[in-house]
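J.: got a predicted structure plus its sequence, pasted below:
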Amino acid sequence: MTGSSNSAWTAHVSSSCTTRTRYAKKDRLFAECRSGGVDVLIGSTAKMGVGTNVQTRAVALHHLDCPWRPADLEQRDGRIIRQGNQNPEVQILQYVTKRSFDTYMWQTIERKARFIDQVMHGDVQTRSAEDIKINSTFNASEIKAVSSDNPLLLDKAQADQDLAELENLKTAHDRAQTQLRTAIRTAQTTLDSYRQRIPALREAITQRTDTRGEQFAVNVAGQTFTERAEAAEAIRSHLLRAASSARGRGEAVMMRDLIAVGGLRFDARAWTTRSARPRPSSRCTTRRTTCSCAKNSTRCWA
């Protein structure tokens, strides 16, 4: 048992040393690339992806194959199109073989890139915008056309791109028109409601009296109060009694001319809403009472 533990510990130490040694060699290699000691560097996307800082003197990037993900292409290009590169211009080259599996690979990349573009650029109501991904997407279409030995695919790719843009514009236009029609109907309904309330409001204005200071007086169910706190408590008591007499949840109880104040009379409507799931430890039912007061067609929510 002891020997087995020592063997496992020795293997772990050896693995850690190997990993440190590998990273040290990799760092020395990248340093030589930045200093100009290495002319050509060949590696996979995984080995030369994130963390590969060799862009200082890089002049050309060669894609010898096509990866499965558009993000891998971005990672590859990011090794040379990167801050710290001393060259004013760089080259990016793709290599394909006509009538080979490269056509399917680039077509797959194109399809994935278009899907990602649609998700990231989801605001179809924008009438004109420059898509930051459209250049790389179209580049994949061009490479697919070249590798398939059919130049007509390039024209089709451009036509598909124009068609998609026009369809998005049409969709945005139709959606905007629908929203505008809905807004017009809503505004017209609101306008008609306000117009119907104007006569009642004008009549209420002529009937109102001053209630400021000591002139305050309110009649609640036939009882007159000169103190605001007492009047509020009386209104609350009537609302609670009316709500408790409701037969079912949400059923309104109307009280005509419950309140008279400032020369105006108000109706009150109260109902009770009960919590759907009361707490197990609570024996009482939570209630919430809502009141609406009305003078003719006007309403005052309390």
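T.: Right, received. Where do you want to start?

J.: all contacts plus neighbour counts: C-alpha atoms, from now on.
T.: Will do.

J.: for the residue lying closest to residue 261 once chain neighbours are set aside, give me phi and psi.
T.: When the adjacent residues along the chain are set aside, residue 261 lies closest to residue 218, with 4.6 Å between them (CA to CA, 6 or more residues apart in numbering). Its backbone dihedrals place residue 218 at phi -140, psi 140, with angles given as degrees, to the nearest 10.

J.: tell me the SS of residue 268?
T.: Residue 268 carries the three-state label strand when classified by DSSP: H, G, I helix; E, B strand; the rest coil.

J.: who does it form a beta bridge with?
T.: Note on residue 268: beta-bridge partners residue 255, residue 293, judged by DSSP bridges.

J.: coming back round to it: and the residue nearest to residue 261, how many neighbours?
T.: 24 (other CA atoms under 10 Å).

J.: repeat that for residue 176.
T.: Other residues lying near residue 176 total 13 when counted by other CA under 10 Å.

J.: now it, what's its secondary structure?
T.: Classification of residue 176 by three-state DSSP places it in helix.

J.: which parts of the stretch 151-300 of the chain are helices?
T.: Per DSSP state H, counting those that start in this stretch, the stretch 151-300 of the chain carries helices over the ranges 152-207, 228-244.

J.: next, the contact list for residue 219, please.
T.: Contacts of residue 219 were listed using CA atoms under 8 Å, 6 or more residues apart in numbering, and they are 225, 258-261.

J.: quick one: which two of those are the most distant?
T.: Spatially, the most separated pair among those is 225 and 258, at 13.1 Å (CA to CA).

J.: more neighbours: which of those two?
T.: The neighbour comparison of residue 225 against residue 258 (other CA under 10 Å) goes to residue 258, with 20 against 17.

J.: ok so, going back, mean pLDDT for the helices of the stretch 151-300 of the chain - can I get that in a markdown table?
T.: What follows is the helices of the stretch 151-300 of the chain, written out as a markdown table (pLDDT from 0 to 100):
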| stretch | mean pLDDT |
| --- | --- |
| helix 152-207 | 89 |
| helix 228-244 | 88 |
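
J.: please identify the most buried of those.
T.: Most buried of the helices of the stretch 151-300 of the chain, by mean neighbour count (mean count of other CA atoms under 10 Å): helix 228-244, with a mean of 16.

J.: burial count for residue 109?
T.: For residue 109, the tally of surrounding residues (other CA under 10 Å) stands at 22.

J.: that one sits in which helix or strand?
T.: Using DSSP states H and E, residue 109 falls within helix 102-120.

J.: neighbours of the nearest residue to residue 252 once chain neighbours are set aside, how many?
T.: Leaving out its chain neighbours, the residue that sits closest to residue 252 by CA to CA, 6+ apart is residue 271, at 4.6 Å. Counted with other CA under 10 Å, residues neighbouring residue 271 total 25.

J.: do I have it right that residue 271 meets residue 238?
T.: No - between residue 271 and residue 238 no contact is recorded; they are 11.8 Å apart, counting by CA atoms under 8 Å.

J.: ok, back up a step: so can I have a markdown table of the helices of the stretch 151-300 of the chain showing distance to residue 78?
T.: Formatted as a markdown table, the entries for those read as follows, by distance: least, CA to CA, whole Å:
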| stretch | distance to residue 78 |
| --- | --- |
| helix 152-207 | 26 |
| helix 228-244 | 69 |
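
J.: wait, which of those is closest to residue 110?
T.: Ranking those by their distance to residue 110 (criterion: CA to CA) puts helix 152-207 first, at 10.2 Å.
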